[in-house]
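Asker: got a structure for you, letters missing:
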């Protein structure tokens, strides 16, 4: 009987993570095609998608929207570049500009209702895929997976601080 090999365990985890990502991605691609949403992804660049996802993530804690300077800082681009990209994404119907409730001179940026709906559908597709993938998994095994994922998430947050 061989002993525990940390490197082999980490390689197995890496491989499993890649396979899970590929499985969910492929299932999402199929669902996107069946829902007719593929044009949405073809009409934006990777950088634009990154900005929309950043706005989505930041607006979870700030439902009134985020400032342009905060968005520029979080995406690592200049304020003028961020402004230009936001304007493009507003025209494409993915982001919206709104007056700040605290300061009418200030503009907040948030997801458009259309983008919120697309993310909701995407989350629904991923949840359905994960549900199908784990339906034969025991409750204990699923809770263990959740516990491990929570631990990893906590360690990632600590590493970012």
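Answerer: Received the coordinates, thanks. The structure presented is a predicted model; accordingly, all values stated were derived computationally and were not measured.
Asker: From here on, just use CA atoms for contacts and neighbour counts.
Answerer: Fine.
Asker: can you list the domains in this protein?
Answerer: Using automatic domain parsing, the domain parsing of the chain gives 1-36, 44-125.
Asker: how about the ones you listed in CSV, adding mean pLDDT and mean neighbour count?
Answerer: Rendered in CSV, the data for the domains of the chain read as follows (pLDDT from 0 to 100; neighbours: other CA atoms under 10 Å):
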stretch, mean pLDDT, mean neighbour count
domain 1-36, 81, 12
domain 44-125, 88, 16
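Asker: got these as a markdown table, with distance to residue 143 columns?
Answerer: Output for the domains of the chain, formatted as a markdown table (distance: least, CA to CA, whole Å):
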| stretch | distance to residue 143 |
| --- | --- |
| domain 1-36 | 17 |
| domain 44-125 | 20 |
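Asker: Go through these and name the closest to residue 151.
Answerer: When the domains of the chain are ranked by distance to residue 151, counting by CA to CA, first place goes to domain 1-36 at 14.5 Å.
Asker: Distance from the closest one to the middle of the chain?
Answerer: Computed by CA atoms, centre = their mean, to the nearest Å, the chain-centroid distance of domain 1-36 equals 17 Å.
Asker: and residue 129, what helix or strand is that in?
Answerer: Using DSSP states H and E, the element containing residue 129 is helix 113-134.
Asker: looking at the domains of the chain, which is closest to residue 133?
Answerer: If you check each of these against residue 133 by CA to CA, domain 1-36 wins as the nearest, at 9.4 Å.
Asker: between the lengthiest helix in the chain and helix 113-134, how many degrees?
Answerer: Of all the segments of type helix in the chain, defined by DSSP state H, the longest one is helix 6-35. For helix 6-35 against helix 113-134, the angle between stretch directions is 130 degrees (axes from the mean of the first three to the mean of the last three CA atoms, to 10 degrees).
Asker: which helices and strands sit right next to helix 6-35?
Answerer: On a contact count with 3 or more CA pairs under 8 Å, 6 or more residues apart in numbering; DSSP states H and E, helix 6-35 meets helix 113-134.
Asker: next helix or strand past the helix it packs on?
Answerer: helix 139-160.
Asker: who touches that following helix?
Answerer: Contacts made with helix 139-160 from outside it, assessed by CA atoms under 8 Å, 6 or more residues apart in numbering, are listed as residue 134.
Asker: I'm done for today, thanks for sticking with me.
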